[in-house]
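> Predicted model and sequence below, questions to follow.
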Amino acid sequence: MPVYPGTEAPRLMPANSYEKDGFRETLLQMYTHTGTHIDPPAHLYAHRTTLDQFPASQFIGKALVIDCRNLAEGGSITMGHILAYGPKAGKADFLLFNLGWDKKWGTASYFGNYPCIDQEVLDYILAGHYKGIGFDVIGPDPIADENLTRHKRLFAHTDIINIENLKDLEKCGTDLFWFNCFPLKLDNCDGSPVRPGRCMV
């Protein structure tokens, strides 16, 4: 499971046991942005929308996987990748970008020079009234961008969610499909681990 460099890995510690307590229970300690997780605007901006302030409908809808696996390290996700899907991209609630980077889970290269969306794609997303976007990398910004430029622009004025560290997006096909990514409902929440997936509606 990817953990952002410098962040402690999750810990699962035995709290109660069958032998001692008659039941088993585990103490889980982890950051809200561990593994596959969701960012809301409040992740970067005080007084912006927290995850618990979104309606449940924000986390379910039609998704489209944009195949970007042809990109080399450090490449750019451009409008050409999106336009290749024709009108389907405009009908989606979620755009999920498949870089094939999840195959690097568990290696140092996962935190390397992965491709990122360019400014035109970000403009398109902000103008498109999408519920969310997602990536199989640690974020929309290059690993070296400590200012989180794309994150900040995404969340400055738009109520949208960003899903990071997705996996196995190639299994979702090339058509629109029902997608869900419900977070834990934590008060005043800046992020939450999530187990996203296809769903039947």
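Yep, it's here. Numbering: from 1, shown residues only.

> okay, now the nearest residue to Thr149 once chain neighbours are set aside: neighbour count?
Spatial nearest neighbour of Thr149, excluding adjacent residues (Cβ to Cβ, 6 or more residues apart in numbering): Asp141 at 6.1 Å. Yep, even glycine has a C-beta here, placed from its N, CA and C like the rest. Asp141 has 19 neighbours, counted by other Cβ atoms under 10 Å.

> May I have the secondary structure class of Leu184?
coil (DSSP: H, G, I helix; E, B strand; the rest coil).

> Check which residues of the longest helix belonging to the chain are buried.
Longest helix in the chain by number of residues (criterion: DSSP state H): helix 119-127. Judged by neighbour count (16 or more other Cβ atoms under 10 Å), helix 119-127 contains these buried residues: 121-122, 124-125.

> Could you list every helix and strand in contact with that helix?
Here helix 119-127 touches helix 79-83, helix 149-155, going by 3 or more Cβ pairs under 8 Å, 6 or more residues apart in numbering; DSSP states H and E.

> what's downstream of that helix, the next helix or strand?
On the C-terminal side of helix 119-127, the nearest following helix or strand under DSSP states H and E is strand 132-135.

> avg pLDDT for that next one?
The average pLDDT within strand 132-135 is 98.

> Pairing partners for that strand, with directions?
If you go by DSSP bridges, strand 132-135 pairs up with strand 94-98 (parallel), strand 161-164 (parallel).

> then that strand to PDB, C-alphas only?
Output of strand 132-135 as PDB, limited to C-alpha atoms (Å, rounded to 0.1, in the frame of the first residue of the first chain):
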ATOM      1  CA  GLY A 132     -14.300  13.800  -9.100                       C
ATOM      2  CA  ILE A 133     -11.100  12.700 -10.800                       C
ATOM      3  CA  GLY A 134      -8.800   9.900  -9.900                       C
ATOM      4  CA  PHE A 135      -5.300   8.600 -10.600                       C
END
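
> Go through that strand and flag the buried ones.
132-135.

> And the contacts of that strand?
38, 58-59, 93-97, 99, 101, 125, 140, 154, 160-166, 181, 196 (Cβ atoms under 8 Å, 6 or more residues apart in numbering).

> Leu186 is nearest to which of the strands paired with strand 132-135?
strand 161-164 (14.4 Å; Cβ to Cβ).

> How about exporting the closest one as CSV, limited to the C-alpha atoms?
Extracted C-alpha coordinates of strand 161-164, given in CSV (Å, rounded to 0.1, in the frame of the first residue of the first chain):
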residue,chain,number,x,y,z
ILE,A,161,-13.0,15.2,-5.0
ASN,A,162,-9.6,13.7,-6.0
ILE,A,163,-8.9,10.0,-5.6
GLU,A,164,-5.3,8.9,-5.4
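
> Spit out the contact partners of the residue most central in space within the chain.
Against the mean C-alpha coordinate of the chain, by Cα atoms, centre = their mean, the closest residue is Ile163 at 1.3 Å. Counting by Cβ under 8 Å, 6+ apart, Ile163 touches 36-39, 94, 96, 132-135, 181, 194, 196.
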